[in-house]
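# Pasted the sequence and its predicted model underneath.
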Amino acid sequence: MKAAQYREMSPDELEGKLEELQQHLFDVRSQAVTEKLENSKAIINARRDIARIKTILREGK
């Protein structure tokens, strides 16, 4: 998602999305260890989305 889409969400929605993305990152890392990861950019994309959400939350929206 783009940062603009995250900015439209409420803080509660952002917290929920953050938890969802952190779980997704864990799953993707597990797939990478077992060599079943199809998209090698999935880890990078998940980390960037998590960083975007944390930045928006820190801004005090």
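It's in. Quick caveat, the model's predicted, so the values are computed rather than measured. Residues are numbered from 1 along each chain as shown.
# Next, the buried residues of stretch 26-42.
Val28, Leu37, Ala42 (16 or more other CB atoms under 10 Å). (Glycine included, C-beta is placed from N, CA and C.)
# for those, which one is nearest Ala3?
Distance to Ala3 across these (CB to CB) is lowest for Ala42, with 19.1 Å.
# need the contact list for the closest one.
Ala42 sits next to Val28 when contact means CB atoms under 8 Å, 6 or more residues apart in numbering.
# mind checking how far it is from Pro11?
26 Å (CB to CB, to the nearest Å).
# Which of the three states applies to Glu35?
With DSSP: H, G, I helix; E, B strand; the rest coil as the basis, Glu35 sits in coil.
# Buried by neighbour count: which residues of the worst-scoring helix or strand of the chain on mean pLDDT qualify?
Least confident helix or strand of the chain, by mean pLDDT, DSSP states H and E, is helix 3-7 with a mean of 92. Of all the residues in helix 3-7, those buried under the rule 16+ other CB under 10 Å are Tyr6.
# hey, C-alpha coordinates of it in CSV?
Taking Å, rounded to 0.1, in the frame of the first residue of the first chain, the C-alpha atoms of helix 3-7 are listed here in CSV:
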residue,chain,number,x,y,z
ALA,A,3,1.6,5.9,2.5
ALA,A,4,-1.4,8.0,1.4
GLN,A,5,-3.7,5.0,1.8
TYR,A,6,-2.3,4.4,5.3
ARG,A,7,-2.8,8.0,6.3
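# who does that helix touch, helix- and strand-wise?
helix 42-58 (3 or more CB pairs under 8 Å, 6 or more residues apart in numbering; DSSP states H and E).
# Which positions within the helix it packs on qualify as buried?
Ala42, Ile43, Ala46, Asp49, Ile50, Arg52, Ile53, Ile56.
# right, and out of the residues you listed, which lies closest to Gln22?
For those, the nearest to Gln22 is Ile50 (6.4 Å; CB to CB).
# Just give the nearest non-adjacent residue to that closest one, would you?
What sits nearest to Ile50 in space, not counting adjacent residues and going by CB to CB, 6 or more residues apart in numbering, is Leu21, at 5.1 Å.
# Since that was my last question, I'll sign off now.
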